[in-house]
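J.: after the sequence you'll find the predicted model.
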Amino acid sequence: MKLRGKLLILLLVIALVPLLLSALLHQVTMRRLGTNLTTDARKVLEERAYQFLQGRVNDFGVALRRNQETLRLALEFQAREIEWRLAAEKPRSIPGFHREQAIILIRDADPQAAAGDVARLSSLPETYRRIQHILPSLLYRQHTALESGVYSSYPWQANYPFDQDPRKQPWYFQARAREGLSREVVADAMTGKPLLTISLPVHHPDGSFAGVTAIDVAYDSLFADWRRPERWAGQAESLVVTLHRTEDHQAGIEILLRESLPGTDEDWKIPPTREFLDSASREELAALQSDVRAGRAGIRKMDWHGRAALMAYSPGMAGEPFPLVIVPVELLLAPVEQAEAYFGEQIRKGLALYAYLLLAVVVWVVVTAFFRAGSVTRPVASLAEAADRLAKEDFKTKVDIRTGDELQALGETFNRMGDQLKERLEMKRSLSLAREIQQMLLPLGPPRLPGFEIAGQTLYCDETGGDYFDFIDLGPGRLGLAVGDVTGHGVGAALLMATARGVLRSQAARSGLTMAQLFGDLNRHLAENTADTLFMTLFYGIIDSENRTFHWISAGHGPVFQFSRQSGQFVELPSTGIPLGIMAEAAFEAGGSRVLQRGDILLVGTDGVWETEGPAGELFGIARLQQAVAGAAGGTAEEILVAVMAAVANFRGEPSPKDDLTLIVVKC
């Protein structure tokens, strides 16, 4: 964003904040007044709604339980009448078809074996009629099925599906399995009407199972007096539910009947598929289930299809049907919503007035900023243009700002930056060139030595560094290895490293020169030609591929390790002298000789490897270094080198090291 825009925003904030605070205070005051009034009205309406809903479902729950108890007594009477007939040695009447009752032989029944049961059940209509006379408005059908294959249905219906076996219906096998009263909500096979079927087993005189007798009740007859207020039509729901197990064997409220299904005008229908009461308010739904198990009535406020609703239910028991009414809260609290809408409208009108005032202030601020911001933005634009030219290496760029304030001081500082940036750029280019030269002093690749694999790598933390490694060809079958570390890093360390490399390469191949003499000459050269603050550690070894021997000398450099493939152990090669460049007359001794076996590994590095710090300040250490080498010992020298460097990088957790890292791996 440009400075002119920021200045405009500043002026707008200064001018508009008081007005916005005033508008906010007005809105808060009006909203608090409206909230207090509507809260009181909401409490009264909610209390009345709770009382009304609870009273409705409780009354219907009482009526439903009374009807169910009456039906149970009637069914027990019907069962005793059937058992009395089954106990009779001779039928009371002649077998045959009764005009009010259908007696059907199921397809697989034996007519001769079932003849006696047909005769015994032929007199059942008088019992059926007696019960019908007591409960004329409730009973839909009475029927009995015997194990012998005899089925009695009252009253007779011409369209009965004769291919159905009633012994395979839930009302039959549930009553038989429970050896007691069974209740099932089913759809009538002939009319599709929802029925409540209650059934009881009947027995022969010897106590053996004889069959099941049942009474069907049309559910709409149970709800003849249950009506919702007309203002709830289309939004409130009336359900008959029970506490059952869901498909995953969890306790749930199963919906047995709905007063009406979507898209239909008919009362009380069974849902097309098994359906359970569900709500996003899980805690309230669990509390409802707990009330049902405890036989308590109640009202719960919970989410219903994305809307807040009150769910009222009568006392129930697990497995027993009970009524439940769901009414959206907004239907009960419509007057409160109207009052809230009124107060909201008044608040909006007040805010509109403040909006016009704010608009006038904004116009005034914009006009003022447009005509007065130039005195600030012009010097800034001049600075931005000059900075762009400076970025393109026009170091003679200057600005002329005479405002007499901080902008003029900023311009004077900017004018001094050109020469300073030019010097820094030239220094950076020089360092880049020095880096390229130093990289050229390092080996371009691993040397070839029969019977050995060799790999080496250096990573510098700056453009240039003081770490050094080299491979020196000493003739057929002989190779010199050098690893050095100059104190510090940067240009001074790089120059000392280059000096040491030149002397070492020029003297290493001289005939008759021992390792001790080589390090003595190199030490005197460095001590006499470098500053007292600079010195370096250096490790130098010679591999004889024919004899598989390794001779070395060390000027304060270490540790250096030999890993034995056979024993799996690491041996540290001792250092034999002080660092180079400290004392001109220092004496050095060769470290000795080692015989290398197949699979043995030499590991020569600088302290930047094992002194690498992790995020918590802990050092990588020798133990982790040896663990990385041992883990990759079966690979090539290059693979071992890569594994160690990867372990160090992962431990460091930063993109670049804080010190130079150098490592040589030799595998026999």
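T.: Looks like it came in fine.
J.: how many neighbouring residues does Ala409 have?
T.: Neighbour count for Ala409, taken as other CB atoms under 10 Å: 12. C-beta here means a position set from N, CA and C on the backbone, and glycine is covered the same way.
J.: gap between it and Asn415?
T.: Using CB to CB, to the nearest Å, Ala409 is found at 11 Å from Asn415.
J.: got it, and Gln101?
T.: Distance from Gln101 to Asn415, by CB to CB: 118 Å.
J.: okay, these two: which has more neighbours?
T.: More crowded of Gln101 and Asn415, by other CB under 10 Å: Gln101, with 20 against 15.
J.: low-confidence regions, the stretch 401-550 of the chain specifically.
T.: 418, 422-440, 463-465, 488-490 (pLDDT under 70).
J.: residues touching Tyr154, list them.
T.: 100-102, 124-125, 128, 141-143 (CB atoms under 8 Å, 6 or more residues apart in numbering).
J.: which strand residues bridge it?
T.: Beta bridges link Tyr154 to Gln142 when assigned by DSSP bridges.
J.: can you check the pLDDT for it?
T.: With respect to pLDDT, Tyr154 scores 88.
J.: what about the residue most central in space within the chain, distance to Met302?
T.: By CA atoms, centre = their mean, the chain has its centre lying nearest to Ala280, at 19.9 Å. Ala280 sits 8 Å away from Met302, going by CB to CB.
J.: okay, and the common contacts of these two?
T.: Contact criterion CB under 8 Å, 6+ apart; residues shared by Ala280 and Met302: none found.
J.: just to revisit the earlier point, just the buried subset of the contacts of Tyr154, please.
T.: 101-102, 124-125, 128, 141-143 (16 or more other CB atoms under 10 Å).
J.: let's have the residues you listed in JSON lines, adding pLDDT.
T.: Compiled in JSON lines, the buried ones among the contacts of Tyr154 are given as follows (pLDDT from 0 to 100):
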{"residue": "Gln101", "pLDDT": "83"}
{"residue": "Ala102", "pLDDT": "84"}
{"residue": "Leu124", "pLDDT": "87"}
{"residue": "Pro125", "pLDDT": "88"}
{"residue": "Tyr128", "pLDDT": "89"}
{"residue": "Arg141", "pLDDT": "86"}
{"residue": "Gln142", "pLDDT": "89"}
{"residue": "His143", "pLDDT": "89"}
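J.: now distance to Leu444 too, for those residues, in TSV please.
T.: Below are the buried ones among the contacts of Tyr154 laid out as TSV (distance: CB to CB, whole Å):
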residue	distance to Leu444
Gln101	111
Ala102	107
Leu124	111
Pro125	114
Tyr128	110
Arg141	102
Gln142	106
His143	102
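J.: and those residues, which is closest to Ser199?
T.: His143 (9.2 Å; CB to CB).
J.: closest one to Asp405 out of the buried ones among the contacts of Tyr154, please.
T.: For those, the closest approach to Asp405 (CB to CB) belongs to Arg141, at 102.3 Å.
J.: show me the contacts for the closest one.
T.: With CB under 8 Å, 6+ apart, Arg141 has these contacts: 153-155, 157, 195, 215-216.
J.: ditto for Gln68
T.: 198, 320.
J.: helix or strand for it, which one?
T.: Element membership of Gln68, judged by DSSP states H and E, is helix 3-87.
J.: next one: Pro476
T.: With DSSP H and E as criterion, Pro476 is part of no helix or strand.
J.: how many neighbours does Gln112 have?
T.: So Gln112, with other CB under 10 Å, has 7 neighbours.
J.: now do it against Leu105, distance only.
T.: In terms of CB to CB, Gln112 sits 11 Å off from Leu105.
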